[in-house]
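Novice: Sequence plus the predicted model coming up.
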Amino acid sequence: MEKITSTQNAKVKKWQHLTTKKGHQKYHQYLVEGWHIVGDALTANEPVQTILATADQLEAHEDDLPATLEQIEISEEVAKKLTDTVTPQGIFAVVNITAATRVAPEDAAGAWLMLDRIQDPGNIGTMVRTADAAGFTGIVFGKGTSSRYNPKVVRAMQGSQFHVQLTEGDLTAWLTTFKGADKPVYGTALNKDAKNFRDVTASTEFGLIMGNEGQGMAPELMAETTDNLYIPIKGNAESLNVAIAAGVLMFQLNQ
């Protein structure tokens with residue numbers, strides 16, 4: 001087994017690059033960290049190319065790692081170089097980005113969550129995990145939304161990204177395609193013209209758009225939705241966190 005101890009090693013520099021958008025585009029790969037997510041990737045038969053792990057982690061998961069999968073032992077120093085967390089978990093996987101991860105709106109069935117310029121990795125992770133729990137088919141990362149391969153987003157999704165379909169797409173095209181197929185697309189809004197979310201009948205085929213944390217949905221999307229929904233607030237808070245609002249709506253809307 002190959003062992004790498006220097007943070008200046010060429011492979012280490014490449015792996016570091018896999019935590020950036022340019023690296024994803026250049027190598028068509030990304031990095032996941034921690035046994036929970038690495039193990040989920042393997043269980044879901046994701047295209048894992050290489051396992052990078054410290055000696056302790058390799059020993060701990062010796063029976064869980066396929067013998068045919070390339071494994072490289074790395075030092076604690078290399079592990080620290082590859083993570084942006086204070087305490088590295090010591091095990092990583094290099095995962096290939098394949099064409100199969102792209103979904104066309106005309107091929108999308110079931111309930112889909114659509115993210116319009118969502119920036120916070122924690123919010124994205126919470127929404128993906130909630131979509132998984134609420135039985136959604138997939139999530140569309142619209143333009144201006146943080147990348148699904150961003151290390152913080154990957155970590156926040158906690159493995160749910162391997163249970164649902166994730167894709168990038170033009171939300172206008174998705175909205176138009178869904179409506180053309182008689183599938184409702186719901187937006188979210190805080191205004192008098194919006195519809196109480198409890199007045200919508202649950203269904204199995206629809207889209208739900210959640211907008212930017214500070215600005216809300218793009219006006220051009222809001223103008224084209226089937227209905228824009230609001231959640232009545234009983235207390236004195238001005239609004240709900242976007243991930244909390246998405247959770248309430250997803251469980252209400254999906255039959």
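Specialist: Here it is on my side, so go on.

Novice: Contact partners for the residue sitting nearest the centre point of the chain?
Specialist: Central residue of the chain (Cα atoms, centre = their mean): Arg148, 4.6 Å from the mean position. The contact partners of Arg148, by Cβ atoms under 8 Å, 6 or more residues apart in numbering, come to 124, 141, 154, 157, 161, 166, 168. C-beta coordinates here come from the backbone N, C-alpha and C atoms, glycine included.

Novice: buried subset of those?
Specialist: 124, 141, 154, 157, 161, 166 (16 or more other Cβ atoms under 10 Å).

Novice: just the residues you listed now: which is nearest Gln252?
Specialist: Ile124 (20.5 Å; Cβ to Cβ).

Novice: Tell me, how many residues neighbour the residue nearest to Gly122 when sequence neighbours are not counted?
Specialist: Leaving aside its chain neighbours, Gly122 sits nearest to Ala156 (5.4 Å; criterion: Cβ to Cβ, 6 or more residues apart in numbering). By the criterion of other Cβ atoms under 10 Å, Ala156 has 22 neighbours.

Novice: picking up where we left off before, for the buried ones among the contacts of Arg148, work out which two are farthest apart.
Specialist: Between any two of those, the greatest separation by Cβ to Cβ is 12.6 Å, found for Phe141 and Val154.

Novice: Work out for me the element the residue nearest to Gly122 sits within.
Specialist: Ala156 belongs to helix 151-157 when assigned by DSSP states H and E.

Novice: other SSEs contacting that helix?
Specialist: When contacts are defined as 3 or more Cβ pairs under 8 Å, 6 or more residues apart in numbering; DSSP states H and E, helix 151-157 sits against strand 29-33, helix 121-133.

Novice: Domain parsing of this structure, as residue ranges.
Specialist: Taking automatic domain parsing as the reference, the chain has its domains at 2-100, 102-253.

Novice: how much distance is there from the longest one to the middle of the chain?
Specialist: Using Cα atoms, centre = their mean, to the nearest Å, we find the averaged C-alpha position of domain 102-253 to lie 12 Å away from the chain's own average C-alpha position.

Novice: start to end distance for it?
Specialist: 25 Å (Cα to Cα, to the nearest Å).

Novice: same thing with stretch 131-147?
Specialist: 17 Å.

Novice: where do the helices sit along the stretch 1-150 of the chain?
Specialist: Counting by DSSP state H, counting those that start in this stretch, one finds helices in the stretch 1-150 of the chain at the ranges 10-17, 21-27, 35-43, 55-60, 76-81, 121-133.
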